[in-house]
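Peer 1: Provided below are the primary sequence and the corresponding predicted coordinates.
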Amino acid sequence: MDDRKRIVVAITGASGSIYGIRLLELLREQSEIETHLVISPAGRRTLLHETDYAAADVEALADVVYGYRDIGAALASGSFVTHGMVVCPCSIRTLSALALSASDNLITRAGDVTLKEGRPLVAVLRETPLHLGHLRLAAQLTEIGGVVMPPVPAFYNRPQTVSDIVDDTVGRVLARLGLPVLGLVEEWQGDVLRDDR
């Protein structure tokens with residue numbers, strides 16, 4: 001095994017495929033990172049609706065690609081050491097399965113392994129509004145060690161494009177994993193006081 005950090009990226013059928021794609025693009029630029037990708041069947045359909053990428057284009061951004069039903073893959077075992085996992089975007093179905101330890105596919109099994117081994121699991125939850133059942137499951141996932149990170153845009157940095165908004169979220173995901181944010185997130189330096197009278 002080389003010294004690269006393995007990061008698992010899962011793309012589910014929630015809206016927001018571009019978040020997972022952009023994460024893969026940025027991780028690819030870091031030679032010390034090795035990416036392991038799983039895309040759900042619904043994720044494949046959503047990315048075709050939302051982006052100009054084909055599933056093969058997205059898979060080409062990863063170092064290793066796994067089948068969604070391949071529960072015998074390396075990611076299914078805690079002995080396969082990773083630096084963490086990001087479900088980006090994360091559907092309510094996947095969030096629910098992770099919160100309930102229901103491992104019926106490789107995404108949820110790899111997520112469960114990540115949690116049981118005490119590694120970072122970030123779920124970029126893309127749904128709104130959230131009813132009480134969603135909130136309870138999000139709380140339950142947090143209680144067992146996951147991080148629920150909805151892609152909520154920050155406007156104090158005055159984004160000019162959709163790409164700016166995507167990059168801000170992806171930068172925060174990288175930061176949560178303890179990885180370089182590549183200049184995507186500006187450190188807050190405090191208020192600039194202005195007389196607007």
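Peer 2: Great, that's in hand. Residues are numbered from 1 along each chain as shown.
Peer 1: any low-confidence regions in this structure?
Peer 2: 1, 192-197 (pLDDT under 70).
Peer 1: and the strands in it, which stretches?
Peer 2: Taking DSSP state E, the strands of the chain run over residues 5-11, 33-39, 64-66, 84-90, 121-125, 147-148.
Peer 1: now do the first one: distance to the chain's middle.
Peer 2: In terms of CA atoms, centre = their mean, to the nearest Å, the centre of strand 5-11 is set 8 Å apart from its chain centre.
Peer 1: just checking, what packs against it?
Peer 2: Using 3 or more CB pairs under 8 Å, 6 or more residues apart in numbering; DSSP states H and E as the contact test, the elements touching strand 5-11 are helix 17-28, strand 33-39, helix 41-50, strand 84-90, helix 106-116. C-beta: built from backbone N, CA, C; applies to glycine.
Peer 1: state the paired neighbours of that strand in the sheet, together with their directions.
Peer 2: Applying DSSP bridges, strand 5-11 is found paired with strand 33-39 (parallel), strand 84-90 (parallel).
Peer 1: got a list of contacts for it?
Peer 2: By CB atoms under 8 Å, 6 or more residues apart in numbering, the residues outside strand 5-11 that reach it are 17, 20-21, 23-24, 27, 32-40, 43, 47, 58, 62, 75, 80-90, 94, 107, 110-111, 114, 177, 179.
Peer 1: CA atoms only: put it into PDB for me.
Peer 2: C-alpha atoms of strand 5-11 as PDB (Å, rounded to 0.1, in the frame of the first residue of the first chain):
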ATOM      1  CA  LYS A   5      -5.000   8.800   1.800                       C
ATOM      2  CA  ARG A   6      -8.000   6.800   0.500                       C
ATOM      3  CA  ILE A   7     -11.200   8.800   0.300                       C
ATOM      4  CA  VAL A   8     -14.500   7.100  -0.500                       C
ATOM      5  CA  VAL A   9     -17.000   9.200  -2.500                       C
ATOM      6  CA  ALA A  10     -20.600   8.000  -3.000                       C
ATOM      7  CA  ILE A  11     -23.000   9.800  -5.300                       C
END
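Peer 1: could you check the angle it makes with strand 121-125?
Peer 2: 30 degrees (axes from the mean of the first three to the mean of the last three CA atoms, to 10 degrees).
Peer 1: swap in the fourth one?
Peer 2: Our comparison of strand 84-90 with strand 121-125, counting by the same axes, to 10 degrees, yields an angle of 10 degrees.
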